[in-house]
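Asks: I would like the atomic coordinates for the input below:
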Amino acid sequence: MNSNQSKNTFVEVDIAILIDKIKNGIWLFGIPSWLFGITDRSFAAFTDGYVSTVEIFQLFTASFFFFSWLYLKPEESFTSNDFPPNEYQEYLCRIQAEKLKIKRLHMISQEYILPFPYVCQIYHLLSLKHLETVHKFSLNNLKILNISHFEPTNIGGIIKFQTILDSPANPLRIWRQPIVEVDLILHTPYTVELSIPVYNNKRIIVIFHAFPLSDSEHQLFIDIYSDLEWPKPLLQIILHFASCLTLFEDLPYLQALAERNIERLLHSHRISNHETGLLFKRYVELYGSSGEGTKLIEGRENS
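Replies: Residues are numbered from 1 along each chain as shown. Alright, predicted model coming up:
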């Protein structure tokens, strides 16, 4: 980070800290104000020896807003008692800077409830071949050249693969080099990350969260982050359109997987050893026999 970027970051952090202090100040000022209002209404209601319906309603309304105000307390930050003064300030700056960075990079969120088993979505997200087949139209004949790296982790795995824009008319050439290395990461049984390089070390990162709701449906959350220096509203429109298009392409494929009873793969030892399916094979090794999806379904139904 150069000096100008550092300076801008600290200015943003100072502004964020100031806003937090203003929020806390307003909230603290509101407490005695509401207490005064409740006390005033109580005296007005009971001093004359007669309590009307209107006075009771006013008293309950003031009490309701007071307890609502208490509930709206701003989030507590780390206090200076937790750290030495210099260390606390540095730590607070780092936390605030990370929060601002994440907020600034977040582009869009989408949420869907899909009528397909959860494992169909996981199989789809972790299989690389679908980029060439299912998304042949939206990605304009993108091809996978090779798998450059695969690394199992304790709860998932990372696979890196090179892709090529096979068509000279591919509009993605506006954004990226013809050949780039893409990262696909299984973070948890329910979270998958796709990290796509664009240009000048800029990236688009897509986070998928898939949660089983029942044996026949799941909930899908899509969050997209990017550090592209494009006008944010324009980029958001493009990403919303691209995300909707790829999901529309997914639907017939997910339906076909559901009809094939793909969930049997979780308990099968005949998983393909093809390198494009290494990440799904890792998922089956970790979670297939333990029935992670079934456990979550049962937990939701019992709650």
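Asks: which residue ranges form the helices in the stretch 201-303 of the chain?
Replies: In the stretch 201-303 of the chain, the segments counted as helices under DSSP state H, counting those that start in this stretch are 232-259, 278-283, 292-302.
Asks: out of these, which gets the lowest mean score?
Replies: When the helices of the stretch 201-303 of the chain are ranked by mean pLDDT, helix 292-302 comes last with a mean of 43.
Asks: His149 reaches Gln162, doesn't it?
Replies: No: counting by Cβ atoms under 8 Å, His149 does not reach Gln162; the two are 10.0 Å apart. C-betas here are computed from N, CA, C, even on glycine.
Asks: neighbour count for these two, which is higher?
Replies: A side-by-side neighbour count of His149 and Gln162, using other Cβ atoms under 10 Å, places Gln162 first with 14 against 10.
Asks: and that one, helix, strand or coil?
Replies: On the three-state scheme (DSSP: H, G, I helix; E, B strand; the rest coil), Gln162 is labelled strand.
Asks: give me the low-pLDDT residue ranges for the stretch 51-200 of the chain?
Replies: Regions of the stretch 51-200 of the chain meeting the criterion pLDDT under 70 cover residues 75-101, 166-177.
Asks: so which residues of it form helices?
Replies: Residue ranges of the helices in the stretch 51-200 of the chain, as given by DSSP H, counting those that start in this stretch, are 53-71, 85-105, 118-126.
Asks: re the thing from before, JSON lines please, covering the helices of the stretch 201-303 of the chain and showing mean neighbour count and distance to Val192.
Replies: Converted to JSON lines, these look like this (neighbours: other Cβ atoms under 10 Å; distance: least, Cβ to Cβ, whole Å):
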{"stretch": "helix 232-259", "mean neighbour count": "15", "distance to Val192": "13"}
{"stretch": "helix 278-283", "mean neighbour count": "23", "distance to Val192": "9"}
{"stretch": "helix 292-302", "mean neighbour count": "14", "distance to Val192": "14"}
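Asks: would you turn those helices into JSON lines with distance to Pro115?
Replies: Compiled in JSON lines, the helices of the stretch 201-303 of the chain are given as follows (distance: least, Cβ to Cβ, whole Å):
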{"stretch": "helix 232-259", "distance to Pro115": "8"}
{"stretch": "helix 278-283", "distance to Pro115": "22"}
{"stretch": "helix 292-302", "distance to Pro115": "15"}
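Asks: of these, which is nearest Ile224?
Replies: Ile224 lies closest to helix 232-259 among the helices of the stretch 201-303 of the chain, at 5.1 Å (Cβ to Cβ).
Asks: about what we covered before: so which of the helices of the stretch 201-303 of the chain is nearest Ser63?
Replies: Closest to Ser63 of the helices of the stretch 201-303 of the chain, according to Cβ to Cβ: helix 292-302, at 35.6 Å.
Asks: tally of neighbours for Ile205?
Replies: Using other Cβ under 10 Å, Ile205 has 18 neighbouring residues.
Asks: again, but for the one 3 residues further on
Replies: Around Phe208 there are 18 other residues, counting by other Cβ under 10 Å.
Asks: let me see the contact set for it.
Replies: Under the criterion of Cβ atoms under 8 Å, 6 or more residues apart in numbering, the neighbours of Phe208 are Gln121, Leu125, Thr191, Val192, Glu193, Leu194, Leu220, Phe221, Ile222.
Asks: correct me if wrong: the third one contacts His209.
Replies: Yes: in this structure, Thr191 sits in contact with His209. The criterion is Cβ under 8 Å, and the distance is 5.4 Å.
Asks: from the contacts of Phe208, which single one is nearest Arg282?
Replies: Out of the contacts of Phe208, the member with the shortest distance to Arg282 (by Cβ to Cβ) is Val192, at 11.8 Å.
Asks: so what's that closest one up against?
Replies: In this structure, Val192 makes contact with Ile122, Leu125, Leu126, Leu184, Ile185, Leu186, Ile207, Phe208, Ala210, judged by Cβ under 8 Å, 6+ apart.
Asks: how's this structure carved up into domains?
Replies: Under the assignment automatic domain parsing, the domains of the chain span 3-76, 107-302.
Asks: most tightly packed of the ones you listed?
Replies: Using mean count of other Cβ atoms under 10 Å, the stretch among the domains of the chain with the largest mean neighbour count is domain 107-302, at a mean of 16.
Asks: off-centre distance for it?
Replies: Distance of domain 107-302 from its chain centroid, counting by Cα atoms, centre = their mean, to the nearest Å, is 14 Å.
Asks: list the contacts for Leu286?
Replies: Leu286 sits next to Ile155, Gly156, Pro189 when contact means Cβ under 8 Å, 6+ apart.
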